[in-house]
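**Q** got a predicted model here, sequence first, then my questions.
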Amino acid sequence: YRPCPHISSGSRLDTTRSSQQQLQQQWRGFRSSSVASAVAMPSLLIDELQKAVQADESQSLLTPAAVVERLDKVIVGQQDAKKAVAIAFRNRWRRQRVTDPGMRGEITPKNLLLMGPTGCGKTEIARRLAKLAEAPFVKVEATKFTEVGYHGRDVDSIIRDLVEVAQTTVKQRCKRAAAKRIAEAIEGHILHMVLGEGASHEDIAEAREKYRAGQLEDATVEIEVPTSKMPGPEGFTIQTGGMSVNVVSVFGPGGLPKGKEKRTMTVAEARPYLEEMETERQFPPELIIKEAIRVAEQEGIVFIDEIDKIVNPSGMIRHGSDPSAEGVQRDLLPMIEGSVVSTKHGPVATDHMLFIASGAFTRAKPSDMMAELQGRLPIRVELKGLTAADFERILTEPECNMIYQQQQLLGCEGVDLVFTPEAVKEIAAMAEQINKEVENIGARRLHTVLERLVEDISFEAPDKVAEVGVDIVAATDSDSSSAKQSAGGPTYVHIIDKEDVQVKLADLLKKQDLDKYII
């Protein structure tokens, strides 16, 4: 695959040479010239990409106060935790701008330990921070790993997963950095496929206008696309002579070498394929991988959840070693402190990655962790449990709060879902009560409560709206009616008040956990 730049918007055709023979020579001459120009372009574009990321003003504007303000839009409360992660994020930005390379290498991130009950926002804070930073981010459960030498996943797989995520991040940055060039190349190639080699300058100009106006979207073209990957993206492992050989590491991602096949499709369907091929041409996979390793090392964020589950409470009698508890802690030590992990793409250093660990610590205490691991998580932040007032804010304040989500879902079927202020207060109060009497699962309890409240209307929504459409005139004559006519058709108004909440949630309070009373 090669684009046709001489007919893209960035080219200029000499109108004095409009003969068919000269145009055909231009078509054929591109074949040889594009190969030479493509050799020097990738490394130059990678350099441009790195400079663009460093000069990105949007990241410089993310001061600690601005980060907290962004987090306030989606997460309620927990100001101490927001402040801590905002400072850690800003310090990473500051480190990358230290002029002395030796000093820059000595500055290491201060890893965090978030402590608090389940459902209070620990994971959400880390996830939103990574989204703001546009950095590679992986979330893992500490309970899924075992000590090296035992059956199960070892902690090095965390870094391998982070490198894979970093590749996706780098590809997205490359597409943004070279968006104009890629669009021009795709335009030229599509016009080449549609017109053929015997096109005149007038035909090319006319076709370009139609393409930009979207009038060629249904035109059919024939392109070469990669065949389906066999085996899957993880490849397969061959056991030979007591040694395991993964096909991915031999043949590269996707297992066996990929072939190509010709397919006929519309321009709209072909554009994603052409965009992917043009991106790969400008940014070859080996350069993407090299940049991905750098990005993972310098900007990667690892969130280790449920770390308290691999901590044995003090005073607990243990018989022998525990490969899923202290063994995992010992394996995490060098990774968090800074080590080199071998991946299929090459060695990856963890010295400047930011590690955020979290746990409820209901049975064990942070002091029960290995002393060395405690020292590698120097910043501790305790998140508070959620109250009824917090629940009420969660239901109404975030941009995409839970009530708004339910209203948007049912609005697709013509249902206008309304919660009275009293109903919202009652939902928050009952969610807090259920957490106290049954099991405290934090803000996740609100999902259970809301689904119970909208269960009936979610089931009956199509029928209710259909009934409104049959007799819309009679429905709108009554002031107390629950139906109205909107621009998109009939709308059924469903109001949830305080009494509805009390009736529908009464049985949840009765279903207390009786296990606590069993001797």
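**A** Received it, and whenever you're ready, just let me know what you need.
**Q** show the pLDDT at K258.
**A** On the pLDDT scale, K258 is placed at 58.
**Q** wait, T118 sits on G359?
**A** No. Judged on CB atoms under 8 Å, T118 makes no contact with G359 at a distance of 9.5 Å. C-beta coordinates here come from the backbone N, C-alpha and C atoms, glycine included.
**Q** more neighbours, the two?
**A** G359 (23 against 18; other CB atoms under 10 Å).
**Q** is that one bridged to anything, and to what?
**A** Assessed by DSSP bridges, G359 has beta-bridge partners M115.
**Q** elements contacting the strand or helix carrying H192?
**A** If you go by DSSP states H and E, H192 is part of helix 179-195. If you count contacts as 3 or more CB pairs under 8 Å, 6 or more residues apart in numbering; DSSP states H and E, helix 179-195 packs onto helix 201-212, strand 220-226, helix 267-282.
**Q** any chance of CSV for these, columns mean pLDDT?
**A** Putting the helices and strands packed on helix 179-195 into CSV (pLDDT from 0 to 100) gives the following:
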stretch, mean pLDDT
helix 201-212, 85
strand 220-226, 81
helix 267-282, 85
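**Q** would you agree E299 is in contact with P136?
**A** Yes. In this structure, E299 is within contact of P136 by CB under 8 Å, at 6.4 Å.
**Q** these two - which one has more neighbours?
**A** Between E299 and P136, counted using other CB under 10 Å, P136 has the larger neighbour count: 26 against 22.
**Q** tell me how many other residues crowd the closest residue to that one other than its chain neighbours.
**A** Using CB to CB, 6 or more residues apart in numbering and skipping the chain neighbours, the partner closest in space to P136 is A166 (4.0 Å). A166: 28 surrounding residues under other CB under 10 Å.
**Q** how far off helix 267-282 does the helix or strand hosting A166 point, in degrees?
**A** Of the helices and strands defined by DSSP H and E, A166 is found in helix 156-177. Here helix 156-177 points in a direction 110 degrees away from that of helix 267-282 (axes from the mean of the first three to the mean of the last three CA atoms, to 10 degrees).
**Q** show me what the one helix or strand D416 maps to is packed against.
**A** Using DSSP H and E, D416 falls within strand 415-419. Counting contacts by 3+ CB pairs under 8 Å, 6+ apart, strand 415-419 packs against helix 402-411, helix 444-470, strand 489-496.
**Q** now find how far off-centre stretch 381-392 is within its chain.
**A** 26 Å (CA atoms, centre = their mean, to the nearest Å).
**Q** all strands of the stretch 251-400 of the chain, in order?
**A** 260-266, 301-305, 340-343, 346-349, 354-359, 379-382 (DSSP state E, counting those that start in this stretch).
**Q** go ahead and confirm D331 touches F145.
**A** Yes. Using CB under 8 Å, D331 is in contact with F145, at 7.4 Å.
**Q** of these two, who's got more company?
**A** A count of neighbours by other CB under 10 Å puts F145 above the other of D331 and F145, at 24 against 18.
**Q** looks like that one contacts R330 (just checking).
**A** No. F145 lies out of contact with R330 (CB under 8 Å); the separation is 11.4 Å.
**Q** how far away from the center of its chain is stretch 359-375?
**A** Taking mean C-alpha positions (CA atoms, centre = their mean), stretch 359-375 and its chain are 29 Å apart.
**Q** re the thing from before, show residues contacting the strand holding D416.
**A** For strand 415-419, contacts defined as CB atoms under 8 Å, 6 or more residues apart in numbering pick out 403, 406-407, 410-411, 427, 454, 457, 461, 464-465, 484, 491-496.
**Q** and that strand, what's buried?
**A** Going by neighbour count (16 or more other CB atoms under 10 Å), the buried part of strand 415-419 is V415, D416, L417, F419.
**Q** any stretches of the protein with poor pLDDT?
**A** By pLDDT under 70, the low-scoring segments of the chain are 1-60, 147-152, 228-259, 315-325, 469-490, 510-519.
**Q** can you tell me the element the residue nearest in space to the middle of it falls in?
**A** In the chain, the C-alpha nearest the mean C-alpha coordinate belongs to K131, at 7.1 Å (CA atoms, centre = their mean). K131 belongs to helix 122-133 when assigned by DSSP H and E.
**Q** can you check P109 too?
**A** Per DSSP H and E, there is no helix or strand for P109.
**Q** any idea how far it lies from A270?
**A** 44 Å (CB to CB, to the nearest Å).
**Q** neighbour count for the two, which is higher?
**A** Taking other CB under 10 Å, P109 and A270 do not tie; A270 has more neighbours (22 against 19).
**Q** these two touch, right, the more buried one and I190?
**A** Yes. If you go by CB under 8 Å, A270 and I190 touch, sitting 7.3 Å apart.
**Q** shared neighbours of the two, anything?
**A** V221.
**Q** how far away is the closest residue to K425 other than its chain neighbours from V424?
**A** Distance criterion CB to CB, 6+ apart; nearest residue to K425, sequence neighbours excluded, is E392 at 6.1 Å. Look at E392 and V424: by CB to CB, they are 6 Å apart.
**Q** E451 too?
**A** 16 Å.
**Q** out of those two, which sits in the busier spot?
**A** V424 (18 against 12).
**Q** element containing the more buried one?
**A** helix 421-437.
**Q** and that helix, what other elements does it pack with?
**A** Short answer (3+ CB pairs under 8 Å, 6+ apart): helix 421-437 packs on helix 388-396, helix 444-470, helix 498-510.
**Q** just the CA atoms of it, as CSV, please.
**A** Only the C-alpha atoms of helix 421-437 are listed here, as CSV (Å, rounded to 0.1, in the frame of the first residue of the first chain):
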residue,chain,number,x,y,z
PRO,A,421,-36.2,15.9,45.7
GLU,A,422,-37.8,14.1,48.6
ALA,A,423,-37.3,10.8,46.7
VAL,A,424,-33.6,11.5,46.2
LYS,A,425,-33.1,12.2,49.9
GLU,A,426,-35.0,9.0,50.8
ILE,A,427,-32.9,6.9,48.4
ALA,A,428,-29.7,8.2,50.0
ALA,A,429,-31.0,7.6,53.5
MET,A,430,-32.2,4.0,52.8
ALA,A,431,-28.9,3.2,50.9
GLU,A,432,-27.0,4.2,54.1
GLN,A,433,-29.3,2.1,56.3
ILE,A,434,-29.0,-1.0,54.1
ASN,A,435,-25.2,-0.7,54.1
LYS,A,436,-25.3,-0.6,57.9
GLU,A,437,-27.7,-3.5,58.4
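**Q** count the neighbours of A213 for me.
**A** 9.
**Q** one more: Q215?
**A** 12.
**Q** related to what we said a few turns ago, using PDB, list the CA coordinates for the helix holding H192.
**A** Coordinates of the C-alpha atoms in helix 179-195 are reproduced here as PDB (Å, rounded to 0.1, in the frame of the first residue of the first chain):
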ATOM      1  CA  ALA A 179      -3.700  13.400  11.300                       C
ATOM      2  CA  LYS A 180      -3.400  16.000   8.500                       C
ATOM      3  CA  ARG A 181      -0.700  14.000   6.700                       C
ATOM      4  CA  ILE A 182      -2.700  10.700   7.000                       C
ATOM      5  CA  ALA A 183      -5.900  12.300   5.800                       C
ATOM      6  CA  GLU A 184      -4.200  13.800   2.800                       C
ATOM      7  CA  ALA A 185      -2.500  10.400   1.900                       C
ATOM      8  CA  ILE A 186      -5.800   8.500   2.300                       C
ATOM      9  CA  GLU A 187      -7.600  11.100   0.100                       C
ATOM     10  CA  GLY A 188      -5.000  10.700  -2.600                       C
ATOM     11  CA  HIS A 189      -5.100   6.900  -2.500                       C
ATOM     12  CA  ILE A 190      -8.900   6.800  -2.600                       C
ATOM     13  CA  LEU A 191      -9.000   9.100  -5.600                       C
ATOM     14  CA  HIS A 192      -6.400   6.900  -7.300                       C
ATOM     15  CA  MET A 193      -8.500   3.800  -6.800                       C
ATOM     16  CA  VAL A 194     -11.700   5.500  -7.900                       C
ATOM     17  CA  LEU A 195     -10.300   7.300 -11.000                       C
END
